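*Asks:* got a predicted structure here, sequence first:
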Amino acid sequence: MTAPALVIGIGNADRGDDAVGLHVARRVAALGLPAVAVEEAGGDVLGLMDRWAGVPRVVLVDAAAPLAAPGRIHRLDAARGPLPREIALGSTHAFGLADTVELARRLGRLPAQLVLYAIEAADFAPGAPLSPAVAAAVASAAVQVAAEFGSDGRTSDA
């Protein structure tokens with residue numbers, strides 16, 4: 001049975017801040033939110049359409065292009081309209097998340113509710129850890145994602 005809600009953390013664990021979506025997804029998974037599945041996705045953003053097929057509520061978490069402040073969290077309602085290209089990063093294969101969302105919209109494969117948490121990045125260097133500002137945003141982003149499902153994002157031992 002498919003869960004009624006899905007969180008997908010997107011990123012590459014070996015490319016610095018590109019891993020932020022994975023870190024947030026792991027934090028959300030640790031909360032054990034009822035009826036919310038949590039997955040991690042690498043660079044194949046086209047495969048996201050298969051992952052979210054049949055799921056009415058989807059939250060994506062990904063690194064965003066550095067605009068002004070590394071670690072800044074943007075909440076974007078992708079079901080309402082196109083993702084801003086200046087925030088949604090492209091991939092090394094030139095087909096990025098914004099393109100995938102628009103293709104899904106045109107094909108009628110967009111979830112009824114699709115939210116993107118895009119966290120402004122600073123460093124995508126191979127082998128680099130999360131930059132300090134982006135690492136500091138992980139906990140806050142996880143709390144915000146959990147709030148999408150009516151949870152305050154705190155564990156019982158916190």
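*Replies:* Yes, it's here.
*Asks:* buried sites along the helix or strand bottoming out on mean pLDDT in the chain?
*Replies:* Ranking every helix and strand in the chain by mean pLDDT, DSSP states H and E puts helix 97-107 at the bottom, with a mean of 93. Neighbour-count burial for helix 97-107 flags 97-102, 104 (criterion: 16 or more other C-beta atoms under 10 Å). In this view, the C-beta of every residue, glycine as well, is placed from N, C-alpha and C.
*Asks:* ok, these vs Arg80, which is closest?
*Replies:* Val101 (11.1 Å; C-beta to C-beta).
*Asks:* CA atoms of the helix or strand harbouring Val20 as CSV?
*Replies:* Per DSSP states H and E: Val20 is located in helix 20-31. C-alpha atoms of helix 20-31 as CSV (Å, rounded to 0.1, in the frame of the first residue of the first chain):
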residue,chain,number,x,y,z
VAL,A,20,21.3,18.7,2.3
GLY,A,21,18.1,17.1,1.1
LEU,A,22,19.4,13.7,2.2
HIS,A,23,20.2,15.0,5.7
VAL,A,24,16.8,16.6,6.1
ALA,A,25,15.1,13.4,4.9
ARG,A,26,17.0,11.3,7.5
ARG,A,27,15.9,13.7,10.3
VAL,A,28,12.3,13.5,9.1
ALA,A,29,12.5,9.7,8.9
ALA,A,30,13.8,9.6,12.5
LEU,A,31,10.6,11.3,13.6
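*Asks:* quick one: list the elements packing against it.
*Replies:* strand 5-10, strand 36-41, strand 57-64, strand 113-120, helix 132-147 (3 or more C-beta pairs under 8 Å, 6 or more residues apart in numbering; DSSP states H and E).
*Asks:* identify the residues contacting Ala135.
*Replies:* By C-beta atoms under 8 Å, 6 or more residues apart in numbering, the contact set of Ala135 is 23, 129.
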